[in-house]
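J.: The following comprises the amino acid sequence and a computationally predicted model.
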Amino acid sequence: SVSEALAASAEGIGLFRTEFLFFGRDEAPTVDEQVAAYRQVFDAFAGKRVIMRTLDAGADKPLAFVTTAGEANPALGVRGDRRPWRRPELLEDQRRAIAVAASSTSAIVQVRAPMIDTPDEAIDFAHRCARLELPSVGVMIETPAAAITAPEIFSVVDFVSLGTNDLAQYTMAADRELGDLALLNDPWQPAVLRMMRLAFSAGAAVDKPVSVCGEAAADPLLAAVLVGLGASSLSVSPRALGHVSSLLSDVTFAECRAAAAEAVGSRTAQAARAAAAVELRS
Ligand code: PEP
Ligand code: MG
């Protein structure tokens, strides 16, 4: 929550999951309601960065009034930024509300779309945001398709955020909600780390930021590996903030880079973690 984040001395909000405003309702909140809610958050973080994510409904975040019934594989279905295929006004209204709230605040507001798959989807989102004069526009890279085409995606957005929960799920083809698959659905899996590296390299090539969201950054060792891979910022839950910043303040960037190189080159998730721990002396 906003108050927890403030109490934990957060530097800003790295991932504002706007779904929370939509849960438990029969219809979407009106534009005015959304403006009021977003403004409240922006004002609480005056002068700080707030990175909004537009509605990511579907799969693990079902919304009664938009979720398509009867899809056999909702995680591979009409979710996230694919939603406007069914209800275009929903996301248009939301972007408008964010733009209005952002126009009268001292918070530094950035906006990004979830579940982008192709450069064309990124172009479409960027154009729609530009029309509303939203100043800083990005997308989340959460699928292998987006990671592989990151160089093209970067040419149309200001920044990228890795959604490590979904990137692990889709890279490993392992449902993030199935505890049985936790060994596969693990951000330490070298395949997931190498997928992330594609996005970091694409960002570095054009000198644009790649931030990291999702559970991965809440693991202090992995947070250090992500910094070593080139993360410009990490977004973690207020609860994890203390542990992550304490480890990061004890290590050098050179150690993070060495840990990243070892982890990415490992053969198993366990080996990746163990190798990183040695490099980071933990
Ligand atoms: C992610 O997928 O890593 C992410 C940050 O978004 P969510 O967990 O809300 O899908
Ligand atoms: Mg996600």
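T.: It's in. Numbers count the residues shown, from 1 in each chain. Ligands and ions are numbered 1, 2, ... in the order given.
J.: Just the buried positions in stretch 32-49, please.
T.: 34, 35, 37, 38, 39, 41, 42, 45, 48, 49 (16 or more other C-beta atoms under 10 Å). Yep, even glycine has a C-beta here, placed from its N, CA and C like the rest.
J.: any low-confidence regions in the protein?
T.: Residues of the chain meeting the criterion pLDDT under 70: 83-86.
J.: rerun that using 80 as the cut-off
T.: Where the chain drops to pLDDT under 80, the residues are 67-69, 83-86.
J.: what about the biggest strand by length in it, near ligand 2?
T.: For the chain, the strand with the greatest residue count under DSSP state E is strand 108-116. No - using C-beta under 5 Å from the ion, we find that strand 108-116 stays clear of ligand 2, coming within 5.7 Å at best.
J.: Please name every helix or strand in contact with that strand.
T.: strand 49-53, helix 88-102, helix 119-131, strand 137-141, strand 159-163 (3 or more C-beta pairs under 8 Å, 6 or more residues apart in numbering; DSSP states H and E).
J.: Looking at those, which is nearest to ligand 2?
T.: Nearest to ligand 2 among these is strand 159-163 (3.7 Å), distances taken as C-beta to the ion.
J.: What parts of the stretch 1-150 of the chain come near ligand 2?
T.: Selection of the stretch 1-150 of the chain residues close to ligand 2 by C-beta under 5 Å from the ion yields residue 142.
J.: residues making contact with stretch 16-35?
T.: Stretch 16-35 is contacted by residues 37, 41, 50-57, 61, 63-66, 90, 93-94, 96-98, 100-101 when judged by C-beta atoms under 8 Å, 6 or more residues apart in numbering.
J.: list the contacts for residue 177?
T.: residue 60.
J.: before we move on, back to that, partners of the longest strand of the chain in the sheet?
T.: strand 49-53 (parallel), strand 137-141 (parallel) (DSSP bridges).
J.: among those strands, which is the most enclosed?
T.: Neighbour counts (mean count of other C-beta atoms under 10 Å) averaged over each of the strands paired with strand 108-116 peak at strand 137-141, with a mean of 28.
J.: quick one: that one to helix 119-131, angle?
T.: Counting by axes from the mean of the first three to the mean of the last three C-alpha atoms, to 10 degrees, strand 137-141 lies at 150 degrees to helix 119-131.
J.: So what's the gap between strand 137-141 and the chain middle?
T.: Offset of strand 137-141 from its chain centre (C-alpha atoms, centre = their mean, to the nearest Å): 8 Å.
J.: Can you list the buried residues in the next helix or strand after that strand?
T.: Scanning forward in sequence from strand 137-141 by DSSP states H and E, the next helix or strand is helix 144-148. Under the neighbour-count criterion of 16+ other C-beta under 10 Å, helix 144-148 has 144, 145, 146, 147 buried.
J.: any idea which of the residues you listed is closest to residue 182?
T.: Closest approach to residue 182 among these (C-beta to C-beta): residue 144, at 19.9 Å.
J.: I figured the closest one was touching residue 170, is that so?
T.: Yes - at 6.0 Å, residue 144 counts as touching residue 170 under the criterion of C-beta atoms under 8 Å.
J.: Quick one, which of the contacts of stretch 16-35 are buried?
T.: Buried subset of the contacts of stretch 16-35 (neighbour count, 16+ other C-beta under 10 Å): 37, 41, 50-57, 61, 63, 66, 90, 93-94, 96-98, 100-101.
J.: of those residues, list those near ligand 1.
T.: residue 56 (C-beta under 6 Å from any ligand atom).
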